[in-house]
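>>> here you go, sequence then predicted model.
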Amino acid sequence: MTNKDGRVNSPRRPGRIPGWRRALLAGAALLIAGGCSDEIPTSEDGNLIPIDAQTVQVFLDWEEFGRDFRTFGGFSTPAALSTLHIAREYRGDLDAAALLRFAGLPGSVLVRPPGSPTTQADTAYVPVGGTMVVRMDTTRFRPEVPIELTASRIISRWDERTAGWAMAVDTFGDALAWPVPGAGESVPFSTVTWDPEVADSVVFEVDSVTANAWRRGDVEERGARISVNTPGARLEATTAIFRADVRSQVNPDTLIPLAANPLNQTTIYAPEVGVSPDEFRIGGAPARRATLRLALPSRIEEGNPVCAAVACPLELRPERIVYAGLVMTTAPTTPAGLAPVDTLRMDVRPALAPDRLPKSPLGPSVQPSIRRIPATAFLGDAGVTVEVPMTRYFRDLLGGVEPEPGEGTGVGESSAVPSTLTFLSPSEPVSLGFGSFVGPGSAGEPFLRLILTLSDGVSLP
Amino acid sequence: MSSKRLTIALGLLLFLPATAGAQSLFSGGGLGLLSDPVDARSRALGSTGVGTSGWHLLPTDPAAAAGLVLPTVSASAQPVNLQIEGGADAGGTRFPGFGVAYPFGRHIISVQFGSFLEQGWRVRTERTIGMPGAPDGSPSVTTRDLYEASGGVGQFRLGWATRIGSSVAVGVNAGSYSGGVERRFLRELNPAEVGPDVEPFRTAGRWRASGPVVSAGVIWDPSVLYRVTGAVDWSGDLRLDPVAPTPGGVREYSMPLTVRLGGEFVLTPGLALHTGLSRADWSDTDRDLGGDAARGVAWGYGGGLELAGPSIRGRGLPLRVGVRHQDLPFHFDGAETRERSFSFGLGSNLSIAEAMPVARFDIGLERGDRDAGPLSESFWRTTISLRVAGG
């Protein structure tokens, strides 16, 4: 088939769209696709918003929401601390000593008798001395002057999990006090002066009596006590090792070095303070916790300052709450030596079985993130306000119960959401120090700060 | 591309965006922006929805399907670019109409979806508010408020049309409102002022639209030189049901009776004049909205010229120009609103089988503006229509 110009037309099937029309279609599709970048017409004139929304704050005093404040201690043990603490009159009131029990030396050593080509097991070797090397951690405590330390041989039976300043053993059915508090009856075997500018480890010479005493691993009345003699000092140690020199009975000219790592270790300290019924104490070793029960009002009654701005009673509905935080005030930690030396991390978790406190299982944290409080907040006069946000938990708590008829209906009684909160350190124990907060009934007691946005919601015109 | 493939492509085109794009800040007035479900050719000719020559599927013109001889699918897409005076540009794509028609002898049965009232706008503002309630006063806090409305009310119609003799066609369609609207409000407080853990306040509502709609129309072709068309839209109350958990009850709004008249007149061979007029009285709707929210009678009128235009490979490429005025029913910020546009367009038969066009493409480009008191906006609106027919 030719056209009027004599050129051959390309064959085309009926119903097919020629090329230029395809291009037209493609252009149309592009045009549509280009217009699909959806940019909604937007105005910045706030007067066009057809909804009234008012944002207010509500402050609730402790007696309006708080119940059953309780404190607990004894969670975990200083033996679980990752470091050993040594102090003398730190901040004027803290003494601490490190206790270590090394694993026993091997039952025998292989020694080549004089003139013999083969070795022979020597079970009668005699420790003649050695050294105890203690590696110090100067991250938090770095003395500016040389410090004098003493290593002593413990001669009393002690249990690393329950030993404290007063008690050597304090297990169920077995209580044994130190003859002298603080394992003071221990026998000093080495005193050294450690200069952190010179070395990161302290080396104590171990005499033969001590080395012999530490030879066996199954004797409870053994171990090392490390104390500091310099007033005001505080140190942390990470590891220790006992290097013994033993003389062979097979070949008495031979001195053989052996080593033992700590089998048990713990820190004992004084004063040993527990919990106070008047304040929140968080952390420490053993760790302390505090609990309270939230009995939220279902509505805000006349008398609250917010009622000057909005009509009261004001219902506390979950959807209205955009922020809820418990405001706490720090208190000076007593003794000051046990105030946190690093940022205190505080978690707040619901007690899932409040009747089983202090052993109740705990739910997930109610805070969006673990609260970090600087150590300085617990020193001096303290009095620093710390706000613990728990907005979503509050919403759940408020939404967990149906409004009940009658006056004074509290929220939290029958809610499926646990209303008892536990304040604790996220890791127990993490340090000797603990943070204190003013408890109910004192100036600076906890209060709730809520931010509510009140609106009738969107509607049709 | 075969017509079957084109049908598939057209179908895919319909589902490109999940939701219709926004078209105007004026959709914030009353129940939304009036959005006639007319096709590209009607847009290009300034039509009010009736009176264009030929046979086609238009929800506003029930009798216009009476002359279709093949099963037909038609759809329109409408990309819009919007310039708001003093504000940011906006844009999006919406789909004003989709229809399927099937002839049973002289009777044409159709199903059509069309747009009606559109909502797609938002307000975003920063302001400083007092936050009372503290024992020691009312501290100021900066808020960022966002109000957003989306969705729209459409219409679903089942239609019948037939020709009576050689010069008259009639049609009726009936259906229901469909779609719905959604509104959201969000307030964020400046975390630097109130603390980092404050959460946004959110509230939202969603409503589903329903309510009967009925249209009837008649086309009179007294000669090949002109056509006159009339159509009437009747509607029961537009009912908006809250969708759980949206609080509140059902809202019902009276909808006006809309009358449309239009015609097309051949001026010279290859040149036709199109003109049209519409009238709707929104007074009852205004009453339901609480007064001072809608105008009384809203007029729409327009017209245009269609020139046979050039021919490419034996197929005509008609050129169209038009102008249109439409009173918008709802006030915006207390002021009456209207829309004016100038338009241009063209069309082409994409495929012809046995002298019967089986695929047709039309495009209409409008430049217009809307104003209400101090607020105005201008727009470029492109309407693209595709029609596929075949057995």
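Yes, it's here.
>>> output the longest strand belonging to the chain.
All of this refers to chain A. The strand spanning the most residues in chain A, taking DSSP state E as the definition, is strand A:234-247.
>>> not what I meant, chain B
When chain B is parsed with DSSP E, its longest strand is strand B:140-164.
>>> so which elements touch the helix or strand just after it?
Tracing the chain past strand B:140-164, the next element assigned as helix or strand by DSSP states H and E is strand B:168-189. Packing partners of strand B:168-189 (3 or more Cβ pairs under 8 Å, 6 or more residues apart in numbering or on different chains; DSSP states H and E): strand A:53-60, strand A:321-331, strand A:447-455, strand B:107-118, strand B:140-164, strand B:201-210, strand B:212-223, strand B:238-242. All C-beta atoms are positioned from the backbone trio N, CA, C, and that covers glycine.
>>> looking at these, which is closest to residue B:28?
Evaluated over the helices and strands packed on strand B:168-189, closeness to residue B:28 peaks at strand B:140-164, with 6.5 Å, by Cβ to Cβ.
>>> list the buried residues in the closest one.
Residues B:141, B:143, B:145-157, B:159-163 are the ones in strand B:140-164 that count as buried (16 or more other Cβ atoms under 10 Å in any protein chain shown).
>>> check those against chain A, which are close?
Contacts with chain A within the buried residues of strand B:140-164, as defined by Cβ under 8 Å from any Cβ of the partner chain: B:141, B:143, B:145, B:147-148, B:150.
>>> so which of those residues comes closest to chain A?
The shortest approach to chain A among these belongs to residue B:147, at 4.3 Å (Cβ to the nearest Cβ).
>>> list the contacts of that closest one.
A:48-51, A:458, B:122-124, B:183-186 (Cβ atoms under 8 Å, 6 or more residues apart in numbering or on different chains).
>>> in contact with the residue of the stretch 101-250 of chain A found nearest chain B, which residues?
In the stretch 101-250 of chain A, the residue found nearest to chain B is residue A:140; the distance is 27.8 Å by Cβ to the nearest Cβ. Residues near residue A:140 by Cβ under 8 Å, 6+ apart: A:236, A:341-342.
>>> got a winner among the residues you listed for most neighbours?
By neighbour count, taken as other Cβ atoms under 10 Å in any protein chain shown, the most surrounded of these turns out to be residue A:236 (24 neighbours).
>>> hmm, that one is touching residue A:134, no?
No - with contact taken as Cβ atoms under 8 Å, residue A:236 and residue A:134 are classed as non-touching, separated by 10.5 Å.
>>> am I right that residue B:124 is in a helix?
No - looking at residue B:124 with DSSP: H, G, I helix; E, B strand; the rest coil, it is strand, so not inside a helix.
>>> now it: how far from residue B:145?
7 Å (Cβ to Cβ, to the nearest Å).
>>> got the buried residues for the helix or strand where residue B:280 lies?
Applying DSSP H and E as the criterion places residue B:280 in strand B:271-281. For strand B:271-281, a neighbour-count test (16+ other Cβ under 10 Å) marks B:272-281 as buried.
>>> residue A:334 and residue A:382, how far apart?
On the measure of Cβ to Cβ, residue A:334 and residue A:382 end up 10 Å apart.
>>> more neighbours: which of these two?
It is residue A:382, of residue A:334 and residue A:382, that has more neighbours when counted by other Cβ under 10 Å, with 19 against 16.
>>> so the more buried one makes contact with residue A:331?
Yes - because the distance of 5.2 Å satisfies Cβ under 8 Å, residue A:382 is recorded as touching residue A:331.
>>> one step back: what do residue A:334 and residue A:382 both touch?
Shared between the contact lists of residue A:334 and residue A:382 (criterion: Cβ under 8 Å, 6+ apart) are residues residue A:436.
>>> and residue B:122, what are its bridge partners?
When bridges are assigned using DSSP bridges, the partners listed for residue B:122 are residue A:42, residue B:148.
>>> tell me, what residue is most central in chain B?
With the centre of chain B defined as its mean C-alpha position, the nearest residue by Cα atoms, centre = their mean is residue B:35, 2.7 Å away.
>>> would you mind measuring from that one to chain A?
Using Cβ to the nearest Cβ, to the nearest Å, we find residue B:35 at a distance of 14 Å from chain A.
>>> you'd agree that residue is up against residue B:152?
Yes - Residue B:35 sits in contact with residue B:152 when judged by Cβ under 8 Å, with a separation of 7.3 Å.
>>> joint contacts of those two?
With contacts defined as Cβ under 8 Å, 6+ apart, the residues shared by residue B:35 and residue B:152 are B:115-118.
>>> save the residues you listed as CSV, and put in pLDDT too.
Shown next, in CSV, are these (pLDDT from 0 to 100):
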residue, pLDDT
B:115, 93
B:116, 94
B:117, 93
B:118, 91
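>>> residue numbers of the stretch 201-350 of chain B in contact with chain A?
Looking at chain A, the residues of the stretch 201-350 of chain B close enough under Cβ under 8 Å from any Cβ are B:201, B:203-205, B:207, B:240, B:247-248, B:251, B:289-290, B:293, B:312-313, B:333, B:348, B:350.
>>> recalculate using a threshold of 7 Å.
B:201, B:203-205, B:207, B:240, B:247-248, B:251, B:289, B:293, B:312-313, B:333, B:348, B:350 (Cβ under 7 Å from any Cβ of the partner chain).
>>> measure how buried whichever residue of the stretch 51-200 of chain B sits closest to chain A is and give me the count.
Checking the stretch 51-200 of chain B residue by residue against chain A with Cβ to the nearest Cβ singles out residue B:79 as nearest, at 2.3 Å. Applying other Cβ under 10 Å, we find 24 residues neighbouring residue B:79.
>>> in the helix or strand harbouring it, what's buried?
When elements are assigned from DSSP H and E, residue B:79 belongs to strand B:72-84. Within strand B:72-84, the residues that qualify as buried are B:72-82, B:84, counting by 16+ other Cβ under 10 Å.
>>> go on, stretch A:417-437?
Counting neighbours by 16+ other Cβ under 10 Å, the buried set in stretch A:417-437 is A:417-425, A:428-437.
>>> again with stretch A:84-92
Applying 16+ other Cβ under 10 Å to stretch A:84-92 flags A:84-88, A:90-91 as buried.
>>> any idea how far stretch A:286-299 is from the chain center?
Taking Cα atoms, centre = their mean, to the nearest Å, one finds the center of stretch A:286-299 at 19 Å from the center of the full chain.
>>> now residue B:70: how far from residue A:66?
Residue B:70 is 79 Å from residue A:66, by Cβ to Cβ.
>>> looking at those two, which one has more neighbours?
residue A:66 (22 against 15).
>>> which strand residues bridge that one?
Bridge pairing for residue A:66 (DSSP bridges) gives the partners residue A:294.
>>> for it, give me its contacts.
Counting by Cβ atoms under 7 Å, 6 or more residues apart in numbering or on different chains, residue A:66 makes contact with A:292, A:440, A:446.
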